[in-house]
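Colleague: My questions are about this predicted structure, shown below with the sequence.
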2 protein chains.
Amino acid sequence: MIKPRTPPGVMELLPRDQIAFQRMLDTIRQTFERFGFLPVETPVMELSDVLLTKSGGETERQVYFVQSTGALDKAGDGLPELALRFDLTVPLARYVAEHEHELAFPFRRYQMQRVYRGERAQRGRFREFYQCDIDVIGKDALSPRFDAEVPAVIAAVFERLAIGEFTIQLNHRKLLRGYFEGLGIEGEAQLLVLRELDKLDKRGGDAVRATLAGEGFGLSGDVIDRLMAFSQVRSQGHFDALAKLDALGAGTPLFEEGRGELRAILAQLKALGVAESRYALNLSIARGLDYYTGVVYETTLNAYPQIGSICSGGRYENLAGHYTKSKLPGVGISIGLTRLFFQLKDAGLVQTAESSVDVLVALLDDAGLEHALALSQRLRAAGLNVETQLEPRKLAKQLQYADKAGIRFVAMRGEDEAARGAVAVKDLRRGEQFEVAEAELASALLVEREQLRGGIAEGVR
Amino acid sequence: MIKPRTPPGVMELLPRDQIAFQRMLDTIRQTFERFGFLPVETPVMELSDVLLTKSGGETERQVYFVQSTGALDKAGDGLPELALRFDLTVPLARYVAEHEHELAFPFRRYQMQRVYRGERAQRGRFREFYQCDIDVIGKDALSPRFDAEVPAVIAAVFERLAIGEFTIQLNHRKLLRGYFEGLGIEGEAQLLVLRELDKLDKRGGDAVRATLAGEGFGLSGDVIDRLMAFSQVRSQGHFDALAKLDALGAGTPLFEEGRGELRAILAQLKALGVAESRYALNLSIARGLDYYTGVVYETTLNAYPQIGSICSGGRYENLAGHYTKSKLPGVGISIGLTRLFFQLKDAGLVQTAESSVDVLVALLDDAGLEHALALSQRLRAAGLNVETQLEPRKLAKQLQYADKAGIRFVAMRGEDEAARGAVAVKDLRRGEQFEVAEAELASALLVEREQLRGGIAEGVR
């Protein structure tokens, strides 16, 4: 006998949590499609030489390699031929380069699949997790207007997920670089300074100030003041964001370019009707410095800042330089849904769902089987999810089962109801029982179900 | 520069084929849920010792093992710790055994995920492919009535997929074993004889007859006649199936048990309203002899018998004997969707889909941007999938793009339309153009879209 267990670092859910998770996936997918994004799925296994073009130590150590038994026998020099994807960006680059001549650009794609990382196992860290990504890829060039469409999609996603107030935080790499250059901080040093500024919350202002003034950096007190003031800029509301951008004063041409793009993004978010509480400047955001070249995004839940960014991304210069000579600039964003779901559960922000089954058609005795089967099929044809009790049991047991399973309605038809052409329905959520003509059962249950779902915002606002 | 390419034996689709594939997945999932099945997802990686409890040579040689870079360095004796699942049945056994006390039985679960097999690469064979499985698992016992529910689900799935006429073929292991025992063929010999009978189509009657009469088998001409007649029984229609069962004559108790269960399945399929053209007896079906113990199913497309079974399964005695002492009988069936999709495309039975985008909101000049964005959001709020043209281009180019991308409607608003509070709509499928008041645009397009979708059968019949 072998103990049934999953490997460490994976998330496996019981059905009613799986239903809740699946609904989040469905909402995200539907919203991505609302904004014209097209689905892509790529294989979980990629050729190692294709996947690992640019990876150095850190990434490569987290990669899972794949070998069939045959290959193990023959194992020799070099890396195994196959590896599991560790994100959806490298597969996207490979996909776009491979299918370049079959795709229409700008190419809006979404992809929602699992990725794999050999992380050290610890609570809330996963070795297998869902990423839900959107990217828009241009050929040669990509309009900066997509930089505003991406946060508009994300705002719609999180509004429909209804997991609380959130803020999409914006910064811009050109603004950042331009500002640093204006202070005489160039090249590599920008990165090192940004890393120090990033520790402000943890280390406190005095410690960071001491480091930046000390050997290695040797920055003047005035420059440090400006850096810290800059990195602490946060806006509240649309006009505050514009005012804060204005208040930064004149800067280098690069700085002005970044500021101009941020202003255009803000204007477009307004035109798209995105509520102004949903977006804000946060000039401390840097993100993958070697990758992003324009706007960068992070999204936080207002009431749960400790969760950190639940959705991040930005603009990049060239997606697939390893695979094609074509220049493919893009902008994209990613939701790490497995980790997010885990944290939302932890914080009580998502609940175990009711069953996906709407109705249990009860069975009181064998004579009722044929009718129960036919009734079940009619309810299904009307669009209801129906479980049929196939073996007669005591009614109390059947109700108990439905209650435990999270099934809201139990349809029962005893001799009395049969004589009246009616069905008795127990509504386990409301704790009520009612009788309805059998011919009207489906529509009655559908109305009840829709009333409930009406409570959930349907449209993209 | 590295050539962008996928490993051999995986299926990767362009977006419009991915949309068609995704619609099949959605239809299957929705139908599974209609019948009260609950979703389960398991990790793609399982612990090797858990996954490979019972596998011998053949299976094990097809298993993909997974190792992180760190583990490769340390590679020593024994198999790697992790392996990719090669089906959804072993993970189901592990899942049910692991969560036995948290699940309600009978446990109806569906699972639609990819599985991995190190098959020799050849056309139409995949190393990564989707399986769409349903199973009902009982604790200690499971009503035979589930044996009829499973083909009813499958009939609903294939009707809604609308890929042509199909037949779910039924046989029963007890009928088979009982019949063989009645002819004095016991134990291991049954399996060998079945294998020979299975070659009837390929080798022809005379060759098979010669083998069964020859050394090793040494069966009499009379017994061979009976075996061949038995294995060639096929029914057409409900009453023919019952008549053919009757015509088999009296048999052993085991045979009678199997026949009784088949009769009950037929009666229940009728009560469920499954069209009688959808199911038939085929007494040559055996399937995994060491696994199935009751009813067995295979499904074929009537016009494409060469595709073979597109959906197979049956009843088994005990799901998870390697993991738990509890007896867990079950019945289930599996659709290998990747291979099926590949074959349907090949046979012209599924088409590249139209885009998931319903409308392209055109942009004629920069002044129109703000309106185009707001209009797009209103259409999205109404439930339409909308792509906004973000940079002005010649209208002809925009129409050409929509046509190529498979987007049906293009909404255009020039000065004239703006003055009238109207929008011009080009319907690229019908090649028509019409004008509609802007306030009525969303509902007009929704009506058009629904009319189209109305063509696709929605209900479970």
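Modeller: Structure received.
Colleague: What is the neighbour count of the closest residue to chain B within the stretch 301-450 of chain A?
Modeller: The nearest approach of the stretch 301-450 of chain A to chain B comes at A:Glu387, 3.1 Å away (CB to the nearest CB). Quick note: C-beta positions are derived from backbone N, CA and C, even for glycine. Neighbours of A:Glu387 under the rule other CB atoms under 10 Å in any protein chain shown: 25.
Colleague: Could you look up the SS state of it?
Modeller: Counting by DSSP: H, G, I helix; E, B strand; the rest coil, the backbone at A:Glu387 sits in strand.
Colleague: Go ahead and confirm it touches A:Ser356.
Modeller: No - using CB atoms under 8 Å, A:Glu387 makes no contact with A:Ser356, being 9.9 Å away.
Colleague: Look up the closest residue to A:Ala241, ignoring the ones flanking it.
Modeller: A:Ser235 (3.8 Å; CB to CB, 6 or more residues apart in numbering or on different chains).
Colleague: from what I can see that neighbour touches A:Leu281, true?
Modeller: Yes - with contacts counted by CB under 8 Å, A:Ser235 reaches A:Leu281, the gap being 4.1 Å.
Colleague: which neighbours do those two share?
Modeller: Here A:Ser235 and A:Leu281 have A:Ala241, A:Lys244 as joint contacts, going by CB atoms under 8 Å, 6 or more residues apart in numbering or on different chains.
Colleague: just the helices in the stretch 301-450 of chain A please.
Modeller: In the stretch 301-450 of chain A, the segments counted as helices under DSSP state H, counting those that start in this stretch are A:337-346, A:369-381, A:395-405, A:415-420, A:441-454.
Colleague: hey, least reliable of these by pLDDT?
Modeller: When the helices of the stretch 301-450 of chain A are ranked by mean pLDDT, helix A:441-454 comes last with a mean of 85.
Colleague: contacts for that one?
Modeller: Contacts for helix A:441-454 (CB under 8 Å, 6+ apart): A:358-359, A:375, A:378-379, A:382-384, A:409, A:411, A:423, A:425, A:427, A:436.
Colleague: buried stuff in that helix?
Modeller: A:Leu441, A:Ala442, A:Leu445, A:Glu448, A:Arg449 (16 or more other CB atoms under 10 Å in any protein chain shown).
Colleague: Residue numbers of the stretch 101-250 of chain A in contact with chain B?
Modeller: Residues of the stretch 101-250 of chain A lying close to chain B by CB under 8 Å from any CB of the partner chain are A:102-104, A:108-109, A:114, A:116, A:118, A:127-128, A:143, A:145-146, A:149, A:156.
Colleague: try 10 Å
Modeller: Those residues of the stretch 101-250 of chain A that sit near chain B, judged by CB under 10 Å from any CB of the partner chain, are A:102-111, A:113-114, A:116-119, A:126-128, A:130, A:136, A:141-146, A:148-149, A:152, A:156.
Colleague: returning to what we had before: need the max-distance pair from the contacts of helix A:441-454.
Modeller: The most widely separated members of these, counting by CB to CB, are A:Arg378 and A:Asp427 (19.5 Å).
Colleague: Tell me which of those two has more neighbours.
Modeller: A:Arg378 (18 against 14).
Colleague: Not counting sequence-adjacent ones, nearest residue to the more buried one?
Modeller: In this structure, A:Arg378 finds its nearest non-sequential neighbour in A:Ala442, 6.4 Å apart by CB to CB, 6+ apart.
Colleague: Next: A:Ser220.
Modeller: A:Ala213 is the one closest to A:Ser220 (CB to CB, 6+ apart), at 7.9 Å.
Colleague: what about the one you found, neighbour count?
Modeller: A:Ala213 has 14 nearby residues by other CB under 10 Å.
Colleague: pLDDT score assigned to it?
Modeller: For A:Ala213, pLDDT reads 95.
Colleague: low-confidence ranges in the stretch 251-400 of chain A?
Modeller: In the predicted model, the stretch 251-400 of chain A carries pLDDT under 70 at residues A:288-289.
Colleague: same thing but 50
Modeller: Under the criterion pLDDT under 50, no range of the stretch 251-400 of chain A is flagged.
Colleague: buried sites along stretch A:114-129?
Modeller: A:Arg114, A:Val115, A:Tyr116, A:Arg117, A:Gly118, A:Phe126, A:Arg127, A:Glu128, A:Phe129.
Colleague: among those, which are in helices?
Modeller: Within the buried residues of stretch A:114-129, no residue falls in helices by DSSP state H.
Colleague: and which of those residues is nearest B:Phe35?
Modeller: Nearest to B:Phe35 among the buried residues of stretch A:114-129: A:Arg114, at 26.8 Å, using CB to CB.
Colleague: What residues are bridge-paired with the residue lying closest to A:Ile28 once chain neighbours are set aside?
Modeller: Leaving out its chain neighbours, the residue that sits closest to A:Ile28 by CB to CB, 6+ apart is A:Cys132, at 5.0 Å. Going by DSSP bridges, A:Cys132 is paired in beta bridges with A:Met112, A:Ile335.
Colleague: Can you tell me which of the residues of the stretch 101-250 of chain A next to chain B are buried?
Modeller: A:103-111, A:113-114, A:116-118, A:126-128, A:130, A:136, A:142, A:144-146, A:148-149, A:152, A:156.
Colleague: any bit of the strand or helix carrying A:Val295 sitting next to chain B?
Modeller: Assessed by DSSP states H and E, A:Val295 sits inside strand A:292-301. No - using CB under 10 Å from any CB, strand A:292-301 stays clear of chain B, coming no nearer than 14.7 Å.
Colleague: ok, that strand: who's next to it in the sheet?
Modeller: strand A:166-172 (antiparallel), strand A:311-316 (antiparallel).
Colleague: Distance of A:Gly205 relative to A:Val233?
Modeller: To A:Val233, A:Gly205 is 15 Å away according to CB to CB, to the nearest Å.
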